Every structure is written in structure tokens, then in C-alpha cells.
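Engineer: Build me a model from this:
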Amino acid sequence: MSQATFIQRRIQLLAQMQAHGGGVAIIATAHEMTRNNDNTFPFRHDSSFYYLSGFTEPEALMVLIADGTSQRSILFCREKDLEREIWDGFRYGPAAAQAHFGFDVAFSIESLATEIPNLLADAANLFHSSGVDQKLDAQLQCWLNEVHAKSRSGVHAPDQTINLRGLIDEMRLFKDSSEIAMMQKAASISGQAHARAMRAAKPGLFEYELEAEILHEFRRQGAQSPAYGSIVATGANACILHYQSNAAQIKDGDLVLIDAGCEFDSYASDITRTFPANGKFSPAQKTLYELVLAAQQAALACAHPGSRYMDGHDAAVRVLTQGMLDVGLLDKNKVGSLEDAIASNAFRQFYMHGTGHWIGLDVHDVGSYREQDKVGKTRPYRKLEAGMVITIEPGIYVRAAEGVPAEYCNIGIRIEDDILITADGHINLSRDTPKTVAEIESEMKQ
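Structural biologist: Down below sits the predicted model:
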């Protein structure tokens, strides 16, 4: 992304701050986390910090100032240190970071304790997302106390604290063209990884071997990391929604459910496909698979501007519940009609999660699912708008239980795609990933 993109985002946020009375916003990146001894987990920047800065180094903090007469953006980062670069890699340092990322001023991160109280002095408001970073919350309270201590000399602390998260989250909910390009790239890479796993699959392999195929394709095509822990679940394991062991051996006749997506230049993808280990769906597997596929098509028909966020879920539930009644997973004599089965949530025995979520810099991305201008528990779900990106991921999970037809036991199926809402409908970013029964069986023959 260009420097101009990040600068424009800061300008947009500063304008919103001005509309709320002006003040000072403080946004920090994520902390490095120790894995053991002097070894850290791979560092991943805070998404909102990156969204506004483009800066990916650890130990960084951003201050935005809107005081009515001027606007400034300030970056605090690590000093340039050639000795540390031998061990840890390149550092911009304040001077180079200021120029490269388009900040008005940049300081050493070591100067926070000196500079922040001065920046907070006489600010109208503090814009901050409390509760996200306890360490920053504690530091900020110390800085505010320092400002309060100067009240006798006429210095005032900010009048109030305004939740910064809500302002940034609403900005992040709508993707611009550069973000869409990144998400399309991430989805394309992930789709090819899923196809590779289908071609590699056969009875006798272990789940982790297919995970290795997925991860290999991610890195081979330039993705920096998985967007989340990959799920490779065979047989009954596919009925565990957040299965992570990926250690079981794949048996002939099993279905394999893979939920995996890469992160490309900080943007996530999230794709799920389910396929037969031996390359051929059994009649029972095909029946349930095509039921889930029909449910996804019903949800996709609701993926357009003006449709409410939950309309797709409601459409998928209706198709799934009718299918459960038709194949005997739900007993009509016990649950009643389709409307009764939906009203009583009888379907939740076999479908117990929502049909999607926002996706972007985070795989479960930020943004309110309900209308912003309403209060209380009755706030309606918001309408979809162009620029939003959602997943659509219906499923069915049939655990062995009394009354469950034996041919369907231990079948878990989920189908998930990444959907961009456009002005006239939607675009399926993961559209090239094999999905129909015919496409999957043809891919596996290769």
C-alpha cells in the first residue's frame, strides 16, 4: 500500500476526532511475547495500529492530535541501532520512519515518558481504547496523573476519554481498493492450497500431512503466515468446530474438513472445504454435502446492499432445517413443522454456529454487527453495504446419538467462502476453490 493510503486514513480519523471536540489519540502496536527464556513468538503488529501507520516494527506508538487549529501525527519507535540490527534485523529509526510513513514528527520510544504528558496537557479529550492493552492503560494513567499534578499552574488534563475503538472499527469495516486487492490475493493463495490438499489426500495419510501441504502452498506463493490455526479434521473430528490436533490418521470412507486461510500483507482469508478422503462421496455424504451447499447458495442470495447481516444466516438455517427434516435427522413427530423446528432451535443439534463474520486485517474482523444509532437489546442487525467483506459458512455436524440415522453419523461438513459486498451484489473472493461435488471429485482425480 502507498504512503498516501495510510496518511489519508489518519486524516479521516483526525476529522472524526475534531467532530467529537478534538483532543489527543493514543494507539500502540502489539507487544512482543516471550515464548521461553530469551525466545519470542513471531511478532505480529496490532491491526488498527498498522491500518493507520503501515508500520510493522515492535515497540511503537502513535499519537494523533486534533486541536481545532491544526492536526498532527506523531510516531514513537525504536532508535536506529546497527548493533541490534545484526541480531534482530533492520530498524527504520525515528528520522527514516517519519519520512517513509509520512508522519509529521517522530521520536524515540524511549522518550514516551517525557513527551506524552506534554502532549496531553490542555487537550480537550483523550481518545483511547481502554481494556485492550493493560500495560498501556497503566502507563496512560501515570501520564494523566502527571498532568493532573500541574493543575495549580493552570495545566488541565483532558476533560473526558472517548472510545477510540469504535471510530477505527467503523473505518476498518469498509475496505478500499488496495485492501480488496490484498484480500483477493490471500483468498486466491488459500484456494490453491485447498486444491493442493485435495489432490494430495488419500486414506492412510495423517491430518498433519495435509496441513503441511496447505502451509507449504501458503509460503510457496508468498503468504507470510496462516491467518489462524488450520483445522484439518477427518471423520468424527470434523464434528468438533475448533478442532486443532490435526493428528489422526485418515481412513477410507472418511470425509476431510479443512478450514484454513493465509495472511497476505496483513490481510486474512478464511476458506473451508470438505471432501472425501478416497475421492468419491458416498450417497449419504453427497446428500448432506449438497444440503450444506444449497444452504450456502441461499445465504449468498442475501449478500447484497440493503440486506441485513443476519438475513443470510436465517436463509441458511431455513434450508438446513428443511433438509434435516427431509432426511430424518429431525423427527417431524417430535419437532413439528419447519417453522416449529426453527422457532424451537431444534436444528442446533446439528448446526450450532452462525453463518459468517466480518473479515479483513483480522480473520474475525472488527465492526459492529448491529445498527450504530440504536440503543438497547432491540438494535436491529445492520444492513450490508458496498465495501464490507463477510464469510458465509454454513455447516452440518452429525454426532452419533439416539435416533440419528446410522448412515449420517460422524459426518461433519462446512463450506466457507469470503464474500465482498459490491454496489450491485457481491463477489466471491474464493470463487476458484473447488466446491461442487463434481469439481471436488474431478480435482481429486488429479
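Engineer: Extract the residue ranges of the stretch 251-400 of the chain that are flagged as low pLDDT.
Structural biologist: 373-378 (pLDDT under 70).
Engineer: for it, what spans make up the helices?
Structural biologist: 283-300, 311-327, 332-335, 338-343 (DSSP state H, counting those that start in this stretch).
Engineer: could those helices be laid out in TSV, adding mean neighbour count and distance to Tyr50?
Structural biologist: No exception for glycine: its C-beta is placed from N, CA and C like everyone else's. Shown next, in TSV, are those (neighbours: other Cβ atoms under 10 Å; distance: least, Cβ to Cβ, whole Å):
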stretch	mean neighbour count	distance to Tyr50
helix 283-300	20	30
helix 311-327	21	29
helix 332-335	12	48
helix 338-343	15	41
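Engineer: Serialize the ones you listed to CSV and add fields for distance to Leu241.
Structural biologist: As requested, the helices of the stretch 251-400 of the chain are exported to CSV (distance: least, Cβ to Cβ, whole Å):
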stretch, distance to Leu241
helix 283-300, 14
helix 311-327, 15
helix 332-335, 23
helix 338-343, 21
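Engineer: Of those helices, which is nearest Gly360?
Structural biologist: If you check each of the helices of the stretch 251-400 of the chain against Gly360 by Cβ to Cβ, helix 311-327 wins as the nearest, at 17.9 Å.
Engineer: Now do the domain split for this protein, please.
Structural biologist: 3-172, 174-445 (automatic domain parsing).
Engineer: what separates the residue nearest to the spatial centre of the chain from Leu215, distance-wise?
Structural biologist: The centroid of the chain falls nearest to Val363 when counting by Cα atoms, centre = their mean (1.7 Å). Remark: distance between Val363 and Leu215 (Cβ to Cβ, to the nearest Å) = 16 Å.
Engineer: Without its sequence neighbours, what residue ends up closest to the residue nearest to the centre of the chain?
Structural biologist: Nearest-residue entry for Val363: Ala268, 4.2 Å, with adjacent residues in sequence omitted and distances by Cβ to Cβ, 6 or more residues apart in numbering.
Engineer: Single out the most deeply packed of the domains of the chain.
Structural biologist: Comparing the domains of the chain by mean neighbour count (mean count of other Cβ atoms under 10 Å), domain 174-445 ranks first with a mean of 19.
Engineer: can you pull up the bridge partners for the residue nearest to Asn428 when sequence neighbours are not counted?
Structural biologist: Nearest non-adjacent residue to Asn428, counting by Cβ to Cβ, 6+ apart: Asp417, 5.2 Å away. For Asp417, the beta-bridge partners are Ile392 (DSSP bridges).
Engineer: show me what contacts Asp417?
Structural biologist: Neighbouring residues of Asp417 by Cβ atoms under 8 Å, 6 or more residues apart in numbering: 271, 296, 391-393, 428-431, 433, 435.
Engineer: Tell me how far it lies from Val317.
Structural biologist: Plainly put, Asp417 is 18 Å away from Val317 if you go by Cβ to Cβ.
Engineer: Same check on Pro405?
Structural biologist: According to Cβ to Cβ, Pro405 and Val317 sit 21 Å apart.
Engineer: same deal with Ala295?
Structural biologist: Ala295 is 8 Å from Val317, by Cβ to Cβ.
Engineer: same question, Ser269
Structural biologist: Computed as Cβ to Cβ, the Ser269 to Val317 distance reads 25 Å.
Engineer: mind listing what Val105 touches?
Structural biologist: Neighbouring residues of Val105 by Cβ under 8 Å, 6+ apart: 72-75, 98.
Engineer: Nearest to Ser442, out of these: which one, please.
Structural biologist: Leu75 (51.7 Å).
Engineer: Relative to Pro158, how far out is that closest one?
Structural biologist: Distance, Leu75 to Pro158, using Cβ to Cβ: 21 Å.
Engineer: One more: Thr5?
Structural biologist: Thr5 is 29 Å from Pro158, by Cβ to Cβ.
Engineer: What residue, apart from its backbone neighbours, is nearest Ser442 spatially?
Structural biologist: Distances taken as Cβ to Cβ, 6+ apart put Pro434 closest to Ser442, at 7.5 Å, once the chain neighbours are dropped.
Engineer: next one: His242
Structural biologist: Of all residues not flanking His242 in the chain, Ile231 sits nearest, at 7.2 Å (Cβ to Cβ, 6+ apart).
Engineer: Now for that neighbour: which residues touch it?
Structural biologist: With contacts defined as Cβ under 8 Å, 6+ apart, Ile231 is in contact with 242-244, 246, 257-260, 272.
Engineer: Now render the residues you listed as CSV, adding distance to Met198.
Structural biologist: Output for the contacts of Ile231, formatted as CSV (distance: Cβ to Cβ, whole Å):
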residue, distance to Met198
His242, 22
Tyr243, 19
Gln244, 21
Asn246, 16
Leu257, 12
Ile258, 9
Asp259, 14
Ala260, 12
Thr272, 13
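Engineer: Identify those among those residues that sit within strands.
Structural biologist: Members of the contacts of Ile231 lying in strands (criterion: DSSP state E): 257-260, 272.
Engineer: Now for these: which two are most distant?
Structural biologist: Largest separation among the ones in strands among the contacts of Ile231 by Cβ to Cβ: Leu257 and Ala260, giving 10.2 Å.
Engineer: can you list residues touching both of the two?
Structural biologist: 231-232, 272.
Engineer: I'd like these as JSON lines, with distance to Asp340 appended.
Structural biologist: Below are the shared contacts of Leu257 and Ala260 laid out as JSON lines (distance: Cβ to Cβ, whole Å):
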{"residue": "Ile231", "distance to Asp340": "33"}
{"residue": "Val232", "distance to Asp340": "37"}
{"residue": "Thr272", "distance to Asp340": "30"}
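Engineer: Who is the residue nearest to His242 paired with across the strands?
Structural biologist: Beta-bridge partners of Ile231, counted by DSSP bridges, are Asp259.
Engineer: No further queries at this time; thank you.
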